[in-house]
Every structure is written in structure tokens, then in C-alpha cells.
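Undergrad: The following block contains a protein sequence and its predicted model.
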Amino acid sequence: MAASASLYLGLISGTSADGIDAALVRFEPRLQVIAAQTMPYPDSLRERVLALATSRAAITLDDYGRLDVEIGEHFADTAQALLRAAGIGPSAVSAIGSHGQTVRHRPHGALPFTLQIGDPSVIAERTGILTVADFRRADLAAGGQGAPLLPALHAAVFADPAVPRAILNLGGIANVTVLCASHDVLGFDTGPANCLLDAWAARHLGTPRDDNGAWARSGRVDTTLLARWLDDPYFAAVPPKSTGREVFNLDWLDARLPAGLAPADVQATLLALSARSIVDALRAHGRGAREVYACGGGVHNPMLMDALRSELPDVRVDTTAMLGLDPDYVEAAGFAWLARARLSGEPGNLPAVTGARGPRLLGAVYPAPSLPTSR
């Protein structure tokens with residue numbers, strides 16, 4: 001690692017598993033994303049990841065091992081493509097922070113675990129850059145949920161002591177960070193944001209998503225069905241809490257669907273579920289937040305954003321672009337931030353958020369070879 005290196009590169013594929021977000025970040029004098037891009041997964045790879053993440057696929061250990069390496073290769077390709085586009089060599093980058101691809105998250109039970117794939121040794125070898133990965137399991141081992149991990153970043157970058165506000169990540173799963181000067185930072189998963197909407201669109205439209213919420217707009221919300229869905233125990237559970245596609249998937253939906261409902265009406269009701277569960281969580285735990293700034297793919301769904309504004313008429317609802325950070329790359333920047341914290345010897349978790357027994361260093365370090373290699 002060059003002594004003058006001042007950049008960090010964050011990589012993540014989130015719950016939607018639609019591709020890898022990459023952000024090249026400088027932290028001095030403040031956090032600044034200087035280059036970013038998204039590399040979509042090939043359709044066949046995304047289908048395999050989603051099948052595994054939703055327990056719809058049996059997989060051999062050999063297949064699992066190959067998938068781990070294949071995802072790692074795609075992460076390395078994404079990092080290298082971003083550096084080429086930015087005209088920056090690997091020696092200028094202190095470290096890569098790679099979240100990987102979550103394929104299972106089980107934070108409860110006698111032996112809780114969380115599993116992210118995307119071999120970090122492959123990333124370090126291919127890029128020639130020290131890589132920090134496996135951020136979640138240290139928190140889980142300390143009794144925490146292992147998620148969400150970015151409230152610490154949100155507090156460092158977005159907090160305003162004069163105004164209670166919330167940062168809302170609209171990924172496959174929605175999570176919220178509540179920032180209020182008179183309280184510890186609070187953060188938790190509220191439930192589905194895009195995952196059910198995307199899965200239902202894939203089943204009935206053959207597309208990965210309902211672009212701009214147009215299909216949901218054509219349907220009608222079934223208020224009785226919405227109330228039944230909101231009775232799921234997860235929504236009433238108090239933080240710390242986290243969830244994923246293991247819970248909110250098509251099996252969950254199919255078990256709760258009445259016969260004969262038009263698919264567009266189901267989509268409209270799913271969008272209402274995402275909005276209402278988020279709003280209910282903010283009302284219960286938002287500590288009077290007067291501003292909500294959203295990030296993640298859901299900011300591009302005007303129906304979802306309009307639904308949130310309608311449900312929160314006295315709250316400013318906008319995106320993190322208003323706070324100086326592109327909403328598409330907050331998470332990628334966050335894992336660059338966590339890599340920097342790990343190498344600086346600073347804890348990356350917030351025990352008040354995850355429920356861990358105390359602060360923990362997050363991430364394992366994978367040293368780089370002396371020179372980058374190519375396939």
C-alpha cells in the first residue's frame with residue numbers, strides 16, 4: 001500500500017441482487033464520492049443468487065464454492081472497471097471494503113449466522129489492493145444482529161444536532177437510521193422495500209422490477225389484505241431487529257394471498273405495504289424526526305416516494321442527494337468507510353443499533369500481492 005494512498009473503494013451487492021455498486025471515496029476533509037458506477041449481474045447469475053437467497057435452490061458444496069469465486073470475480077471486475085474509468089491506479093487506493101453478496105441472514109436461534117459470498121482473496125489478488133471483507137459476523141458473534149451496519153456512517157455524515165432526522169435505505173429490504181441529538185443512534189430493518197415488488201413483477205411481467213411503479217399505479221390497494229400483511233409479527237417487533245429475503249419472499253406472499261385478486265392489485269398493495277411498514281416504524285421509533293432522506297434503488301420509484309410523502313405530510317421526505325451524497329452509492333461508500341475504520345483500529349458497529357455486547361472491529365483483512373494480476 002502506497003504511503004500516499006488516500007482513497008478507499010467500497011463494493012456491495014444488496015438484497016435486490018441486481019448488480020454491484022462501487023464507489024471510490026476520499027475522506028479528507030470530508031467524505032466525498034469521486035467516482036462511482038454499477039455493474040449489473042448477468043441474468044443467469046442473478047437468478048442463481050436469488051434462488052439461493054430465498055431458499056428455492058438446493059446447492060451442492062461444489063456449486064457453492066464455485067459461486068463464491070464467481071461472485072468474487074465479478075466484484076474484482078467491477079473494482080477494476082471503476083478505477084479504469086476514473087483513470088486511477090491501484091497504488092492510489094488504500095483498501096477495498098467489500099460487503100459481498102448476502103445469501104442468508106439468520107440472526108436468531110441457538111446458532112445465529114449471516115452469510116455473504118464473493119471471495120475476498122480473489123478481489124485482493126485480481127486488483128492488487130488490500131481488501132477488507134466479512135463485516136457482519138463479528139457483531140453477530142457478540143450477540144448482535146449483524147445489521148444494519150451503516151447507521152454509524154449515517155451518524156458521522158448526515159447528523160444535524162439542530163434537526164431530528166432519519167436516513168432511509170430503500171433496498172430490497174428497508175432500513176432506517178434515526179438521528180436525534182438527545183438520544184443514541186437507532187437503526188433497524190423495517191421490512192420489505194423493493195424485494196416483494198420486484199419478485200411479483202418478475203413473476204407476472206417477466207421484468208426485474210416495476211419501472212417507476214407504473215404497474216402498481218394501475219392497480220388498487222386492497223386495504224383488508226394490507227392489514228392482514230401488516231399483522232406479521234416482524235412489523236410489531238421492537239429493535240434491534242433485522243430481516244431479509246429468507247422471510248420476505250414469494251413463499252411468504254403466496255401463503256398470504258387470497259384467490260382471485262388481480263396481479264396489478266397485489267402490486268399496488270405490496271407498494272402500500274412497503275410504505276406503510278416504513279411509516280409505522282418511523283411513527284413508533286422515529287423520535288419526532290422532521291426530515292427523512294432516502295437512498296437506495298427505491299428512490300427511483302416515484303410511486304413509493306409519493307406514498308411516503310403522503311403518509312408523512314408534516315415531514316420533509318427527500319433523498320440523500322440533498323445532503324451531498326448520491327443516493328445510489330451511500331451503501332458502497334459505507335463499506336469504504338468501514339474498511340477505513342477497520343484499518344484504523346476503530347469499531348464499526350453501534351451496539352445500540354445491533355444489540356451487540358459492545359463495540360467490535362468489523363472485517364477481516366486480506367493482504368494484496370505486490371502487483372495486480374489479470375486473468
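TA: Looks like it came in fine.

Undergrad: tell me the contacts of residue 139?
TA: Contact partners of residue 139, counting by Cβ atoms under 8 Å, 6 or more residues apart in numbering, are 145, 146, 149, 349, 354, 356, 360, 362. C-beta coordinates here come from the backbone N, C-alpha and C atoms, glycine included.

Undergrad: ok, now residue 90?
TA: 83, 127, 128, 129, 368, 372.

Undergrad: and which of these is nearest residue 104?
TA: For the contacts of residue 90, the residue nearest residue 104 by Cβ to Cβ is residue 127; the value is 26.4 Å.

Undergrad: Assign the closest residue to that closest one other than its chain neighbours to helix, strand or coil.
TA: Spatial nearest neighbour of residue 127, excluding adjacent residues (Cβ to Cβ, 6 or more residues apart in numbering): residue 79 at 5.1 Å. For residue 79, the assignment made with DSSP: H, G, I helix; E, B strand; the rest coil gives helix.

Undergrad: Test my guess that residue 79 contacts residue 96.
TA: Yes. Taking contacts as Cβ atoms under 8 Å, residue 79 lies within contact range of residue 96: 6.0 Å.

Undergrad: who has more neighbours, these two?
TA: Counted by other Cβ atoms under 10 Å, residue 79 and residue 96 do not tie: residue 96 has more neighbours, with 29 against 26.

Undergrad: quick one: buried residues of the helix or strand hosting the more buried one?
TA: Take DSSP states H and E as the rule and residue 96 turns out to sit in strand 93-106. Neighbour-count burial for strand 93-106, with 16 or more other Cβ atoms under 10 Å as criterion, is recorded at 93-105.

Undergrad: Could you export the helix or strand of the chain with the lowest mean pLDDT as PDB, keeping only the C-alpha atoms?
TA: Every helix and strand in the chain was compared by mean pLDDT, DSSP states H and E; the lowest is helix 43-53, with a mean of 93. Only the C-alpha atoms of helix 43-53 are listed here, as PDB (Å, rounded to 0.1, in the frame of the first residue of the first chain):
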ATOM      1  CA  ASP A  43     -29.300 -12.500 -15.700                       C
ATOM      2  CA  SER A  44     -28.300 -16.200 -15.100                       C
ATOM      3  CA  LEU A  45     -26.100 -15.200 -12.200                       C
ATOM      4  CA  ARG A  46     -28.800 -13.000 -10.600                       C
ATOM      5  CA  GLU A  47     -31.300 -15.900 -10.900                       C
ATOM      6  CA  ARG A  48     -28.900 -18.300  -9.100                       C
ATOM      7  CA  VAL A  49     -28.200 -15.800  -6.300                       C
ATOM      8  CA  LEU A  50     -31.900 -15.000  -5.800                       C
ATOM      9  CA  ALA A  51     -32.800 -18.700  -5.800                       C
ATOM     10  CA  LEU A  52     -30.200 -19.400  -3.200                       C
ATOM     11  CA  ALA A  53     -31.100 -16.400  -1.100                       C
END
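
Undergrad: What lies in contact with it?
TA: Residues outside helix 43-53 that contact it (Cβ under 8 Å, 6+ apart): 13, 15, 17-19, 40-41, 56-57, 59, 67, 70-71, 74, 101-104, 208, 244-246.

Undergrad: Which members of these are classed as buried?
TA: Applying a neighbour-count criterion of 16+ other Cβ under 10 Å, the buried members of these are 13, 15, 17-19, 41, 67, 70-71, 74, 101-104, 208, 244-246.

Undergrad: This protein: strands as residue ranges?
TA: Counting by DSSP state E, the chain has strands at residues 7-13, 19-26, 32-40, 93-106, 113-117, 131-133, 165-170, 173-179, 186-192, 291-295, 316-319, 364-366.

Undergrad: Quick one: closest of those to residue 325.
TA: Among those, the nearest to residue 325 by Cβ to Cβ is strand 32-40 (6.7 Å).

Undergrad: Check which residues of the closest one are buried.
TA: Neighbour counts over strand 32-40 (16+ other Cβ under 10 Å) mark 33, 35, 36, 37, 38, 39 as buried.

Undergrad: Looking at the contacts of residue 90, which are in helices?
TA: Among the contacts of residue 90, the residues falling in helices (DSSP state H) are 83, 127.

Undergrad: picking that back up, what residues are up against the residue nearest to residue 127?
TA: Contact partners of residue 79, counting by Cβ under 8 Å, 6+ apart, are 9, 11, 22, 96, 123, 127, 129.

Undergrad: Mind picking the one among the residues you listed that's closest to residue 259?
TA: Relative to residue 259, the closest of the contacts of residue 79 is residue 11; by Cβ to Cβ it sits at 43.4 Å.

Undergrad: Tally up the residues packed near the closest one, please.
TA: Residues lying near residue 11 (other Cβ under 10 Å) number 30.
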